[in-house]
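Participant: Here's a sequence, model it:
(one chain, ligands or ions: 1)
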Amino acid sequence: MICDEQYKRIMSLEIEINGKTFESPLMNAAGILGTTASSLKRLADNGSGAVVTKTISHKPKEGNKGPNLIETNYGALNSMGLPNPGAKNYLDELKSLKPLNKPVICSVFGETPRDVKKVGRLLKEYVDIFELNLSCPNIEGEVISSDPEIVKKYVEEFAHITNKPIWVKLSPSSDNIVNVSLAASEAGADSLVLINTLKGMLIDIESGRPILGNKTGGLSGEAIHPIAIEIIYQVYKKIDIPIIGVGGVSDNEKAIEMVMAGAKALQIGTALKDDIGIFKRINKGIKSYLQEKNIDLMDIVGLSHKY
Ligand code: SIN
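Facilitator: Numbers count the residues shown, from 1 in each chain. Here you go, the predicted structure:
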């Protein structure tokens, strides 16, 4: 028999991360429907437990030349290049989000630690949590999070300018993501966001030409789900701070799987693009699962590590 209290706990799906309350563990991934305040509000109205902005840089960025998105039946390959209006121009969007009554997570990027601190200083008043994007595969040079020392520097320096929680989004492309995660955690990261897209490329066989304008891009969607699960599993074993899982979550089964690997909350990217109803559907599926098993969400975080 489930008592009232237990039933309420199972049905609420409320979680706490870094001192903030999330009414559901699901939210959008940065870059998906997060460009304007109205698109972020729409996410919140449709069951997202928090909203994540597009990645914002200090100066406006045009992004890479097109084509910059290819959809396939196994996932999407994008080479957007972090297009955004720049921190000053984004301020009004953030201001008009208040009061949203859901955590506002601002994804930020800088070519150097100094650069990203400028973004943080400008926006911090209107943000609940920062997500440091150290893992975009579509900018020139190495992915920032390939090197634990560089990650450490970014996080330490950013922590000087804010007392808001800092989430750090890492790339699956680094040789040792556990060491990189450790470096982020030791430098003061409050949570890890695992994983960003994987570098990929597609070629048009009529011409032999790479399809994306930037030649390479980041692969997302169901194809990367098992990679995300394995990385979250490895990092959860070694590191204590919360993990926000992202990578190919498209239904409640994949969501539950990711929580069992060790994620406390989840971001949805590719599957959300054309399906705003996905949060409500996955929330409902998770609740039915928990009700059937008579357990609550926290009971299944990292459950696979028992075996
Ligand atoms: C992009 O804008 O290139 C995608 C965002 C990311 O991969 O971080």
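
Participant: burial count for the spatially closest residue to Asp190 that is not a sequence neighbour?
Facilitator: Counting by CB to CB, 6 or more residues apart in numbering, Asp190 lies nearest to Pro165, which is 4.0 Å off, once chain neighbours are set aside. Bear in mind the C-beta positions are built from the backbone N, C-alpha and C, glycine included. Residues lying near Pro165 (other CB atoms under 10 Å) number 20.

Participant: residues in the stretch 51-200 of the chain within reach of the ligand, list them.
Facilitator: 55, 78, 80-82, 133, 136-138, 196-197 (CB under 6 Å from any ligand atom).

Participant: buried subset of these?
Facilitator: 55, 78, 80-82, 133, 136-138, 196-197 (16 or more other CB atoms under 10 Å).

Participant: pLDDT and secondary structure for these - can I get that in CSV?
Facilitator: CSV is the format used below for these (pLDDT from 0 to 100; DSSP: H, G, I helix; E, B strand; the rest coil):
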residue, pLDDT, secondary structure
Thr55, 98, coil
Asn78, 98, strand
Met80, 97, coil
Gly81, 97, coil
Leu82, 97, coil
Asn133, 98, strand
Cys136, 96, coil
Pro137, 95, coil
Asn138, 96, coil
Asn196, 98, coil
Thr197, 98, coil
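
Participant: Describe which strands the strand or helix carrying Phe130 pairs with in its sheet and in which direction.
Facilitator: Using DSSP states H and E, the element containing Phe130 is strand 129-133. Applying DSSP bridges, strand 129-133 is found paired with strand 104-108 (parallel), strand 166-170 (parallel).

Participant: Can you add mean neighbour count and distance to Ile10 and give those back as JSON lines?
Facilitator: Listed next are the strands paired with strand 129-133 as JSON lines, based on neighbours: other CB atoms under 10 Å; distance: least, CB to CB, whole Å:
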{"stretch": "strand 104-108", "mean neighbour count": "26", "distance to Ile10": "26"}
{"stretch": "strand 166-170", "mean neighbour count": "27", "distance to Ile10": "27"}
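
Participant: how about those in CSV, adding mean pLDDT?
Facilitator: Output for these, formatted as CSV (pLDDT from 0 to 100):
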stretch, mean pLDDT
strand 104-108, 98
strand 166-170, 98
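
Participant: The stretch 101-250 of the chain: strands as residue ranges?
Facilitator: Here the stretch 101-250 of the chain has its strands, by DSSP state E, counting those that start in this stretch, at 104-108, 129-133, 166-170, 191-194, 198-201, 216-220, 243-246.

Participant: Just name whatever secondary elements the fourth one is in contact with.
Facilitator: Translated: strand 191-194. When contacts are defined as 3 or more CB pairs under 8 Å, 6 or more residues apart in numbering; DSSP states H and E, strand 191-194 packs onto strand 166-170, helix 177-187, helix 225-238, strand 243-246.
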